[in-house]
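Undergrad: Dropping the sequence and predicted coords here.
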Amino acid sequence: MMLLLRKRLFLFASLTTLVVVAIADAQAVLPLEAGQTAVPSWAQEAVWYQVFLERFRNGDLSNDPQLADLDGAWPHLSPAGWQPTPWGQDWYRLEDWAQARQDFYQTVYMRRYGGDLQGLIDRLDYLQDLGVTAIYLNPINDAPSLHKYDARNYRHIDRNFGPDPARDKELMAAEDPADPETWKWTTADRLFLKLLELAHQRGMRVIIDYSWNHTGATFWAFQDVRKRQANSPFRDWYRINAFDDPDTTEDEFAYRGWHGVADLPELNRAVNQAGEEDLHPAVKRHVFAVTRRWLDPNGDGNCEDGVDGFRLDVAAEIPSAFWRDYRRFVKGINPQAFLVGEIWWEKWPVRLANPAPWLQGDMFDSVMDYRWYAAARGLFANAIPRETPTSFRNQLFQQSQGLSGDKQRGLMRLLSGHDSPRCMTSIENPGLYKYRTGLRGDSNYRIQRPGSEVRRTMKTVLLCQFTSVAAPQIYYGDEVGMWGADDPDNRKPMVWADIEYEDEASHPFGDQRASDRVQPDLDLHAHVRQLAKMRKRHADLFVYGDFEVADANDEDRWLVTRRWTDDKNVYVIFNLKPVTRSYHLPNADAAIDLLSEKKLTGHSKAKNLSIRVPGNSGIVVRVTEP
């Protein structure tokens with residue numbers, strides 16, 4: 001189809017501190033070659049799996065965090081008797097050390113379960129068997145919090161993710177953090193490089209998550225500014241409102257934190273030689289050095305031992321001039337590296353941003369595709385805003401505008417993630433997407449294990465996800481039926497078959513509730529595995545094949561999409577009513593169910609094949625010769 005580019009004007013907020021400098025020495029980049037504007041083919045073909053490492057698998061009990069490792073992270077408490085939480089504990093049950101406060105939604109942020117790199121390494125075979133071809137890791141840079149967007153430093157893997165935290169802390173302390181020539185490889189760094197090697201041997205790619213918009217308050221440069229104030233050589237790295245006056249008893253030190261969060265001081269901006277807003281050149285040099293470190297760890301020009309790209313946090317809040325230079329820098333090192341921007345809201349909570357301006361080949365290869373899920377949820381789960389087959393078709397068309405074919409295929413299409421309710425819980429609660437998505441915002445929000453109808457709806461949404469034009473993403477545990485409201489309830493420890501779990505019987509506010517058994521949903525797991533294998537087996541159809549909405553019937557509640565090549569023709573038929581019905585497929589004599597590879601038995605008359613489709617479900621039909 002013809003794609004129209006919408007031109008939009010973006011205005012950036014004024015800066016607290018604006019530094020006008022020359023930044024040519026911060027770039028060392030070349031113009032993009034034509035091939036560097038295209039999305040790498042491996043990313044178009046990917047089945048993504050998102051890992052929140054601390055909650056995925058504890059593979060090494062010896063490196064579990066100690067209370068001192070949390071120093072600097074909210075809620076800044078030091079409870080007596082603190083220790084890591086047992087993996088199988090009832091999620092809402094307070095630990096002994098948390099009992100004194102009786103506040104689940106405060107103490108939960110102090111929990112650690114001990115998930116680490118060894119745990120992920122131990123489960124690479126599980127991911128490969130599931131059909132995963134690419135892993136997206138939430139931040140693993142050294143940081144005190146669970147989420148790790150509050151970096152202590154960018155250059156190293158978190159010390160508690162590797163085999164020797166004490167040794168790693170010593171190695172870091174011996175470096176000059178501002179001088180890449182002094183940077184060592186910690187035990188955690190080396191284990192991460194081992195993970196990359198093992199993943200690449202399995203044909204899997206790995207990207208890691210960074211925020212170049214802010215650091216943590218424990219970041220080495222910010223700590224120097226806090227200590228030496230205006231005399232710090234890093235004073236221009238941050239958006240400082242006022243330095244402390246040593247002649248007064250008060251502390252006047254003030255700075256801009258991300259969305260007002262003091263634990264996340266924002267990195268400074270500057271105006272470059274072209275008159276554009278950019279990151280400060282010293283910050284930019286440091287970011288580029290860290291980026292090069294992970295793209296080409298041994299500096300030999302062969303990037304097979306490095307990461308395969310980056311997911312880039314709060315990307316819309318960082319100047320576009322920086323992203324254009326960043327892309328040139330990254331692609332100059334590894335043209336096959338994949339860059340994913342977090343482009344989310346235009347107006348929260350009612351309008352998601354159009355990512356097209358960021359996907360024109362000069363900034364990102366992809367974005368996290370929140371828009372598609374919001375529309376699919378409205379159609380399949382009858383969620384707000386509700387969609388009909390016709391309006392969903394129109395949404396798909398609108399969302400494709402301004403995007404070339406490779407950009408559409410490379411979209412990271414998710415159902416849930418670390419910043420949204422889990423898919424089943426999102427279906428269970430059909431209010432606005434990402435608005436009052438938990439008990440703190442809605443006392444009627446349903447936190448229990450969803451029932452069979454919700455699971456059936458999720459399977460239908462997964463079918464639509466894996467057969468549409470984009471790269472599907474699985475948030476860890478969704479494939480085994482994990483449930484949970486928005487942060488922090490979407491970050492429960494992974495449910496494994498070899499771990500015994502307490503029933504989820506507690507309530508965060510102490511209310512009565514029904515008890516829910518916690519165990520893997522093997523039927524859902526098999527469904528995801530089947531979808532991933534179908535997508536890989538028929539990549540010519542489900543990755544590169546043409547796409548259209550062949551039928552959108554609001555009255556009869558049918559949605560039918562079509563994928564085709566020169567010699568193959570597939571229909572994905574969705575029955576949006578609760579009862580089993582027949583769909584009459586025109587111009588067809590015979591067909592097979594592509595998921596099961598079994599021949600469909602249906603009544604055919606005058607090339608009008610009747611296909612039985614269960615209620616609130618879908619089927620993949622490949623038309624064959626009789």
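TA: Thanks, I have the structure now.

Undergrad: Where does the prediction get shaky in the protein?
TA: Flagging of the chain using pLDDT under 70 yields the residue ranges 1-35, 601-606, 625-626.

Undergrad: domain parsing for it?
TA: Listed domain ranges for the chain are 370-544, 546-624 (source: automatic domain parsing).

Undergrad: tell me the most buried of the ones you listed?
TA: domain 370-544 (a mean of 19; mean count of other CB atoms under 10 Å). (C-beta placed from N, C-alpha, C; glycine too.)

Undergrad: how far out from the middle of the chain is it?
TA: Relative to its chain's centre, domain 370-544 lies at 13 Å (CA atoms, centre = their mean, to the nearest Å).

Undergrad: ditto for stretch 344-356
TA: 17 Å.

Undergrad: So what touches it?
TA: 5-6, 8, 316, 341, 343, 364, 367-368, 370-371, 374, 401-403, 432-435 (CB atoms under 8 Å, 6 or more residues apart in numbering).

Undergrad: Mark which of those residues are part of helices, please.
TA: Among the contacts of stretch 344-356, DSSP state H puts Y370, R371, A374 in helices.

Undergrad: Would you mind measuring from the nearest residue to D244 once chain neighbours are set aside to W74?
TA: Counting by CB to CB, 6 or more residues apart in numbering, D244 lies nearest to F253, which is 4.3 Å off, once chain neighbours are set aside. Counting by CB to CB, to the nearest Å, the separation of F253 from W74 is 19 Å.

Undergrad: Closest one of the ones in helices among the contacts of stretch 344-356 to W496?
TA: Nearest to W496 out of those is Y370 (CB to CB; 28.5 Å).

Undergrad: Now do the helices in the stretch 1-150 of the chain.
TA: Remark: helices assigned in the stretch 1-150 of the chain by DSSP state H, counting those that start in this stretch are 41-44, 104-107, 117-122, 124-130.

Undergrad: got it, and the stretch 401-550 of the chain?
TA: In the stretch 401-550 of the chain, the helices defined using DSSP H, counting those that start in this stretch lie at 405-410, 423-428, 452-467, 522-537, 539-542.

Undergrad: Dump the third one to CSV, restricted to CA.
TA: In other words, helix 452-467. Output of helix 452-467 as CSV, limited to C-alpha atoms (Å, rounded to 0.1, in the frame of the first residue of the first chain):
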residue,chain,number,x,y,z
SER,A,452,-10.3,-19.6,31.4
GLU,A,453,-12.1,-17.0,29.3
VAL,A,454,-9.3,-14.4,29.8
ARG,A,455,-6.7,-17.1,28.9
ARG,A,456,-8.7,-17.9,25.7
THR,A,457,-8.7,-14.2,24.8
MET,A,458,-5.0,-13.9,25.4
LYS,A,459,-4.4,-16.8,23.1
THR,A,460,-6.4,-15.1,20.4
VAL,A,461,-4.5,-11.8,20.9
LEU,A,462,-1.2,-13.8,20.7
LEU,A,463,-2.4,-15.3,17.4
CYS,A,464,-3.1,-11.8,16.0
GLN,A,465,0.3,-10.6,17.3
PHE,A,466,2.3,-13.4,15.7
THR,A,467,0.5,-13.2,12.3
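
Undergrad: which other helices and strands contact it?
TA: Packing partners of helix 452-467 (3 or more CB pairs under 8 Å, 6 or more residues apart in numbering; DSSP states H and E): helix 370-380, helix 423-428, strand 471-475, helix 522-537, strand 558-564, strand 569-575, strand 617-624.

Undergrad: name the helices or strands packed onto the last one?
TA: Using 3+ CB pairs under 8 Å, 6+ apart, the elements in contact with strand 617-624 are helix 452-467, strand 569-575, strand 590-593, strand 608-613.

Undergrad: Adjacent strands (with direction) for it?
TA: Strand 617-624 pairs in its sheet with strand 569-575 (antiparallel), strand 590-593 (antiparallel), by DSSP bridges.

Undergrad: Centre of the chain to the shortest one, how far?
TA: Here strand 590-593 is found 36 Å from its chain centre; the criterion is CA atoms, centre = their mean.

Undergrad: quick one: contacts of the next helix or strand after that strand?
TA: Following strand 590-593 in sequence order, the next helix or strand is strand 598-599 (DSSP states H and E). Outside of strand 598-599, the residues within contact range by CB under 8 Å, 6+ apart are A590, A591, I592, D593.

Undergrad: correct me, but A588 touches V623?
TA: Yes. Between A588 and V623 there is a contact at 4.6 Å, judged by CB atoms under 8 Å.

Undergrad: For stretch 259-276, measure first residue to last.
TA: Length of stretch 259-276, first residue to last, CA to CA, to the nearest Å: 23 Å.

Undergrad: And for stretch 517-528?
TA: Note: stretch 517-528 ends 21 Å apart using CA to CA.

Undergrad: And the contacts of it?
TA: For stretch 517-528, the surrounding residues in contact (CB under 8 Å, 6+ apart) are 88, 130-131, 449, 455, 458-459, 462, 474, 478-481, 495-497, 501-504.

Undergrad: So which of these sit within strands?
TA: Counting by DSSP state E, the part of the contacts of stretch 517-528 found in strands is I474.

Undergrad: about what we covered before: mind putting the contacts of strand 598-599 into JSON lines with distance to V579?
TA: Formatted as JSON lines, the contacts of strand 598-599 follow (distance: CB to CB, whole Å):
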{"residue": "A590", "distance to V579": "25"}
{"residue": "A591", "distance to V579": "22"}
{"residue": "I592", "distance to V579": "24"}
{"residue": "D593", "distance to V579": "20"}
